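*Asks:* got a predicted structure plus its sequence, pasted below:
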Amino acid sequence: MQRYARTASAAQTLRGRRWAGSSEATLMSNSEAFVETLASRGVDTVFGIVGSAFMDALDLFPAAGIRFLSVQHEQGAAHMADGYARVTGKHGVCIAQNGPGITNFVTGVAAAYYTGSPVVAITPEAATSTKGLGGFQEVEQLPIFETITKEQVHVVHPARMAELTGYAFDSAVREGGPIQLNIPRDYFYGENKVKIPKINIPELSAGGERGIEEAARLVEGASNPVMVVGGGVVMSETGFAAARELADYLQVPVATTYLHNDAFDKRSPLWCGPLGYCGHKTAMNCVKEADVVLAIGTRLGPFGTNPQYGMDYWPEGAKVVQVDVDAKKVGRVKEVDVGVCGDAGLFCTALLKRLQAGTAAPPFQQNTKSRLARMEEHRAAWTTELEAMAEANVEACETSGGRLVPRKVLWELEKAMPRDAIVATDIGNTCSVSNGYLRFEQPRSYLAALTFGNCGYAFPAAMGAKVGCPERPAVAYVGDGAFGMSLMELLTCAREGIPTTVVTFNNQQWGAEKKNQVLWFGDRYVGTNLVNPETGFAGIAEAMGCRGITVSSLDQVGDALRSAVDSQMKDGVTTVIDVHTTRELGDPFRRDAMKLPQRILPKYRDYSEVAESSTGQPVDLLKRVV
């Protein structure tokens, strides 16, 4: 079989390339055409569960240099592909059996849609000869993914296998999100004369000249500008460095958007933390006081700009420049004065060049010292407030049986976290509170399901990241409720040799939903309190061939993480650190969407509420948790 050169570099470097493909059509089987096209796009790993629908192609994977990584659940495969794509910049690829295997992809593909990950979900479907007869494992697969993929590619004829497979992979990079590649299972059989298609991904630009000029003029007229950087900075090939260069020149505070803490270097004195749910008041106050907001590489979604901590911080009177690679997102959520469709890194470089060419000193350069002093005042006040939050319910540690304050645990983890670590956080209360503690020195380091907010994301995403970047430590934060949706992948870690570190926050509750019951439902806990196994999650890990550590003292937290990372990096061992925390809860997710219940029927009138909880904490906070 003819071999085609691989593309080993990140996906962004594919833009603008014109790889020649095969110069002449070559007779090959349809499965060979499929596999050779994967190889031409640099695919070296495919996550999934084996199935007869694609076995003819799967048989060729080893010879093509493609690792098939067998997982425990197809949702995990999609999350692994997502994590792999986000840290490497390459395609993340997953495949499964037609019907039930494919429907298990849905949540993972939806998460990739909201993270903008170039995931290719390969979905073999029922054979064309029997489709519509209600055969074994048959389902209409295209409608299922219609609203959660950037594009759907259906192989309409076996002779077009290579063409459409190549198009799907190029589209994932071009569109910036998941693509469904749907292939009738009988199309893997047969043979055709095939050309492997060349890569066709246009390179990006900084945006239009007029938009860059208008942005520059707004900045030059500003007295108190601020930068807000998001996921587009992380995904841009030059974004992280270019944003830092622009910030250093402007000497302005830099806030990161919701769950994109890795968009700016924590070591910079201009870093002021994340906006959004459980973010930093330093960032929120700086944005609130700004007269010009440079929002770069962000869609300015509502979950990252809604009021937090009782503060409505978005500056309605400020001028806003929004830059995003997706034109549909510009001005969609927040009204903007200048909208630019462009690559975040290229825009930062172009804007910096234009500002450096200016002749007059802008107003904000004349008050740099006072502006940055004001930022430090906000930082000091927030640090004091954050420390007070960690002490607010400390008495629960003793009354609950020696459990730990979640915020103190998060701080100890942050202090012990390796500088080059990749951290994935699940949805949930404690995991969300960690948004206020996690800081990074390099991009492609922070993974989360963003506003899709599904449980079960963090662990498999961290595993995919580890496969993509084995030289970096991979750590997942999960709650004890959500971990039940992904803990089966401990078997995958053991079987496939994917050393990962998992930190479970074991407070025996579905904390995020319980917070709603605390505030609005009279502390009536229906379905939110949990009883976990006596062995804890450390015992479960050991039963699955991994290592388990139980932590019940604050001075053990940092040592446990360091030990687990050491086992991961030196011995190739996966470790679950089971941290026993109190039932203290942070802010609710959806204050904007919840109301006090008002019941009408007589038998339900006792279930009406007239006021929120006065403490905001569970009534069982001080009770002993077994």
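*Replies:* In hand now; what should we look at?

*Asks:* every contact and neighbour count from this point should use C-alpha atoms.
*Replies:* OK.

*Asks:* any low-confidence regions in the stretch 151-300 of the chain?
*Replies:* For the stretch 151-300 of the chain, applying pLDDT under 70 flags no range at all.

*Asks:* show me where it has strands.
*Replies:* Along the stretch 151-300 of the chain, counting by DSSP state E, counting those that start in this stretch, strands occupy 151-154, 179-184, 191-194, 225-229, 254-256, 271-274, 292-296.

*Asks:* so who does Ala247 touch?
*Replies:* Going by Cα atoms under 8 Å, 6 or more residues apart in numbering, Ala247 touches 227, 253-254, 270.

*Asks:* if you compare the strands of the stretch 151-300 of the chain, which one is most tucked away?
*Replies:* The highest mean neighbour count among the strands of the stretch 151-300 of the chain, using mean count of other Cα atoms under 10 Å, belongs to strand 254-256: a mean of 29.

*Asks:* now that one: how far from the chain's centre is it?
*Replies:* Relative to the centre of its chain, strand 254-256 is centred 17 Å away, using Cα atoms, centre = their mean, to the nearest Å.

*Asks:* contact partners of it?
*Replies:* Contacts to strand 254-256, defined as Cα under 8 Å, 6+ apart, come from residues 226-230, 247, 262-264, 270-275, 283, 287.

*Asks:* go with 7 Å
*Replies:* Under the criterion Cα atoms under 7 Å, 6 or more residues apart in numbering, residues 226-230, 263-264, 270-275, 283 lie in contact with strand 254-256.

*Asks:* and of those, the nearest to Pro62?
*Replies:* Pro62 lies nearest to Ala263 out of the contacts of strand 254-256, by Cα to Cα, at 36.7 Å.

*Asks:* skipping adjacent residues, who's closest to the closest one in space?
*Replies:* Val234 (5.3 Å; Cα to Cα, 6 or more residues apart in numbering).

*Asks:* what does Ser29 give?
*Replies:* Leaving aside its chain neighbours, Ser29 sits nearest to Glu191 (4.0 Å; criterion: Cα to Cα, 6+ apart).

*Asks:* for Ala63, see how far away that neighbour is.
*Replies:* 19 Å (Cα to Cα, to the nearest Å).

*Asks:* cool, Tyr277 as well?
*Replies:* From Tyr277 to Ala63 the distance is 47 Å (Cα to Cα).

*Asks:* kindly report the same for Phe136.
*Replies:* 30 Å.

*Asks:* same question for Ala482.
*Replies:* 38 Å.

*Asks:* repeat for Cys272
*Replies:* 50 Å.

*Asks:* cool, Ala458 as well?
*Replies:* Going from Ala458 to Ala63 by Cα to Cα gives 32 Å.

*Asks:* those two: which is more packed in?
*Replies:* The neighbour comparison of Ala458 against Ala63 (other Cα atoms under 10 Å) goes to Ala458, with 32 against 11.

*Asks:* in contact with that one, which residues?
*Replies:* Shown in contact with Ala458 (Cα under 7 Å, 6+ apart): 424-426, 448, 476-478.

*Asks:* swap the cut-off to 6 Å and go again
*Replies:* 424-426, 476 (Cα atoms under 6 Å, 6 or more residues apart in numbering).

*Asks:* report the longest helix in this structure, please.
*Replies:* helix 368-391 (DSSP state H).

*Asks:* counting neighbours, which of the contacts of Ala458 comes out on top?
*Replies:* Going by other Cα under 10 Å, Thr425 tops the contacts of Ala458 with 30 neighbours.

*Asks:* that one touches Ala474, doesn't it?
*Replies:* No. Thr425 lies out of contact with Ala474 (Cα atoms under 6 Å); the separation is 11.1 Å.

*Asks:* next, count neighbours for the nearest residue to Asp620 once chain neighbours are set aside.
*Replies:* For Asp620, ignoring the flanking residues on the chain, the nearest one in space by Cα to Cα, 6+ apart is Arg583 at 7.7 Å. By the measure other Cα under 10 Å, the count of residues near Arg583 is 31.

*Asks:* out of the strands of the stretch 151-300 of the chain, the one nearest Val610 is which?
*Replies:* For Val610, the closest of the strands of the stretch 151-300 of the chain is strand 271-274, at 33.8 Å, according to Cα to Cα.

*Asks:* quick one: strands adjacent to that closest one?
*Replies:* strand 254-256 (parallel) (DSSP bridges).

*Asks:* quick check, distance from stretch 311-327 to the centre of its chain.
*Replies:* In terms of Cα atoms, centre = their mean, the centre of stretch 311-327 is set 22 Å apart from its chain centre.

*Asks:* what's next to it, contact-wise?
*Replies:* With Cα under 6 Å, 6+ apart as the test, stretch 311-327 has contacts from 284, 288, 291-298, 336-343.

*Asks:* in it, what counts as buried?
*Replies:* Under the neighbour-count criterion of 16 or more other Cα atoms under 10 Å, stretch 311-327 has 313-315, 318-326 buried.

*Asks:* please save the CA atoms from that stretch in CSV.
*Replies:* Provided in CSV are the C-alpha atoms of stretch 311-327 (Å, rounded to 0.1, in the frame of the first residue of the first chain):
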residue,chain,number,x,y,z
MET,A,311,-21.9,42.5,41.4
ASP,A,312,-23.1,43.6,38.0
TYR,A,313,-19.6,44.3,36.6
TRP,A,314,-20.1,44.5,32.8
PRO,A,315,-19.4,48.2,32.0
GLU,A,316,-22.4,49.3,30.0
GLY,A,317,-21.0,52.7,29.2
ALA,A,318,-17.6,51.4,28.0
LYS,A,319,-16.6,51.1,24.4
VAL,A,320,-16.1,47.4,23.4
VAL,A,321,-13.9,45.9,20.8
GLN,A,322,-14.6,42.2,20.2
VAL,A,323,-12.3,39.9,18.2
ASP,A,324,-13.3,36.3,17.4
VAL,A,325,-12.4,33.9,14.6
ASP,A,326,-16.2,33.1,14.3
ALA,A,327,-18.0,36.1,12.7
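
*Asks:* could you give me the average pLDDT of that stretch?
*Replies:* Average pLDDT, stretch 311-327: 96.

*Asks:* just give the nearest non-adjacent residue to Asp337, would you?
*Replies:* Counting by Cα to Cα, 6+ apart, the residue nearest Asp337 is Val320, at 5.3 Å.

*Asks:* same check on Val551?
*Replies:* Val551 sits nearest to Val579 (Cα to Cα, 6+ apart), 4.7 Å away.

*Asks:* direction included, what does the helix or strand harbouring that neighbour pair against?
*Replies:* Using DSSP states H and E, Val579 sits in strand 575-580. According to DSSP bridges, strand 575-580 has the following sheet partners: strand 501-506 (parallel), strand 547-551 (parallel).

*Asks:* what's the closest of those strands to Asp571?
*Replies:* strand 547-551 (11.3 Å).

*Asks:* contacts made by that closest one with the rest, please.
*Replies:* Taking Cα under 6 Å, 6+ apart as the rule, strand 547-551 contacts 538, 541-542, 575-579.

*Asks:* can you redo the residues you listed as a markdown table with distance to Arg354?
*Replies:* As requested, the contacts of strand 547-551 are arranged in a markdown table below (distance: Cα to Cα, whole Å):
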| residue | distance to Arg354 |
| --- | --- |
| Ala538 | 56 |
| Ala541 | 55 |
| Glu542 | 58 |
| Thr575 | 50 |
| Val576 | 50 |
| Ile577 | 50 |
| Asp578 | 52 |
| Val579 | 51 |
